[in-house]
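Visitor: Using only what follows, build the 3D model:
(2 chains)
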Amino acid sequence: LAKTTQPISMDSYEGQEVNITCSHNNIATNDYITWYQQFPSQGPRFIIQGYKTKVTNEVASLFIPADRKSSTLSLPRVSLSDTAVYYCLVVNTDKLIFGTGTRLQVFP
Amino acid sequence: DTGVSQDPRHKITKRGQNVTFRCDPISEHNRLYWYRQTLGQGPEFLTYFQNEAQLEKSRLLSDRFSAERPKGSFSTLEIQRTEQGDSAMYLCASSGQGLTYEQYFGPGTRLTVT
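Guide: Predicted structure coming up:
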C-alpha cells in the first residue's frame, strides 16, 4: 500500500477553513483515499472517501488532483469540537493502515 | 442499534495474567476488525473476520493473542500471559458490504499491564 505523509500538527482558529494535505506518491490504480477523525479516548470515525476530483459531504470536502499523488481534506468553518487527530489512508482492502495523523488544534 | 460496543472499557491486570475483551459489532455488519493503538500512534491492524471466519491475522498478533467470532456476531480477543508491552487501547470495528472503506469503531478497551 502507498505510504502517506501528512503534517504532524496544525493550528487554527474557530470559523476558519482548514486544509490538511496528504501526499501519497506511490498510490496505485485501485487505491482509494480515505480520511478518519479521532478524538482522545475514542475510536476513529470515518469522514470521507474519494478516488479522484472532488468529493463533498456534510462534514468535509476532499480534493484529489488528476495525478492522485496527493489529497487535501478541507474542513469549512472549524469549531473547537473539531480539535482531533486526522488520518489520511490509502486503501484497497479492508485492512486499514493508519499513520500517525495530523493533530489539529482549534483555538477560540 | 447504537453502534459498536466493547467491554470492558478499562482493564488493569498484573503481568502474566490472561485477559479477554469482548466486542459487539453493529448487528447487520458481517465484518469485524481488531486494532491496537499505543499513545501517539495510529491504530495498528491485528485481525479481521468475515462472519465467523478469521481471514487475516497480523504478524503483530503473537501466539499469546487469539481472537474468535464463534457465531459471526460478537467477537472476543484474548491475551494470555500478558506483558507490559501489551498495554494499549484495543479497538474493535465493524463494517458491512458497502461501496466505501468505512469502518465503525467502538470506544476501545484500555489495557494496563502492571
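
Visitor: Quick one: name the residues of chain A near chain B.
Guide: By Cβ under 8 Å from any Cβ of the partner chain, the residues of chain A that approach chain B are A:32, A:34, A:41-46, A:49, A:85, A:87, A:89, A:91, A:94-101. Yep, even glycine has a C-beta here, placed from its N, CA and C like the rest.

Visitor: List the residue ranges of chain B that fall below the pLDDT cut-off.
Guide: By pLDDT under 70, the weakly predicted segments of chain B are B:1, B:99.

Visitor: the strands in it, which residues?
Guide: B:5-7, B:10-13, B:19-24, B:31-37, B:44-50, B:53-57, B:65-68, B:75-79, B:88-95, B:104-105, B:109-113 (DSSP state E).

Visitor: These into TSV, with extra columns for mean neighbour count and distance to A:Tyr13?
Guide: Listed next are the strands of chain B as TSV, based on neighbours: other Cβ atoms under 10 Å in any protein chain shown; distance: least, Cβ to Cβ, whole Å:
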stretch	mean neighbour count	distance to A:Tyr13
strand B:5-7	18	35
strand B:10-13	14	35
strand B:19-24	19	38
strand B:31-37	24	29
strand B:44-50	20	33
strand B:53-57	13	43
strand B:65-68	17	44
strand B:75-79	19	41
strand B:88-95	24	30
strand B:104-105	21	29
strand B:109-113	18	32
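
Visitor: can you tell which of the ones you listed is closest to A:Asn26?
Guide: Nearest to A:Asn26, of all the strands of chain B, is strand B:44-50, at 19.2 Å by Cβ to Cβ.

Visitor: Tell me which of the residues of chain A next to chain B fall in strands.
Guide: Of the positions in these, A:Tyr32, A:Thr34, A:Arg45, A:Phe46, A:Gln49, A:Val85, A:Tyr87, A:Leu89, A:Val91 sit in strands, assigned by DSSP E.

Visitor: For the residue lying closest to the last one once chain neighbours are set aside, which residues are in contact?
Guide: Looking back up the chat, that one is A:Val91. The spatially closest residue to A:Val91, leaving aside those adjacent along the chain, is B:Tyr101, at 4.5 Å (Cβ to Cβ, 6 or more residues apart in numbering or on different chains). The neighbours of B:Tyr101, taking Cβ atoms under 8 Å, 6 or more residues apart in numbering or on different chains as the test, are A:Tyr32, A:Thr34, A:Gln49, A:Leu89, A:Val91, A:Asp94, A:Leu96, B:Ser95.

Visitor: Could you measure from B:Tyr101 over to B:Ile12?
Guide: To B:Ile12, B:Tyr101 is 34 Å away according to Cβ to Cβ, to the nearest Å.
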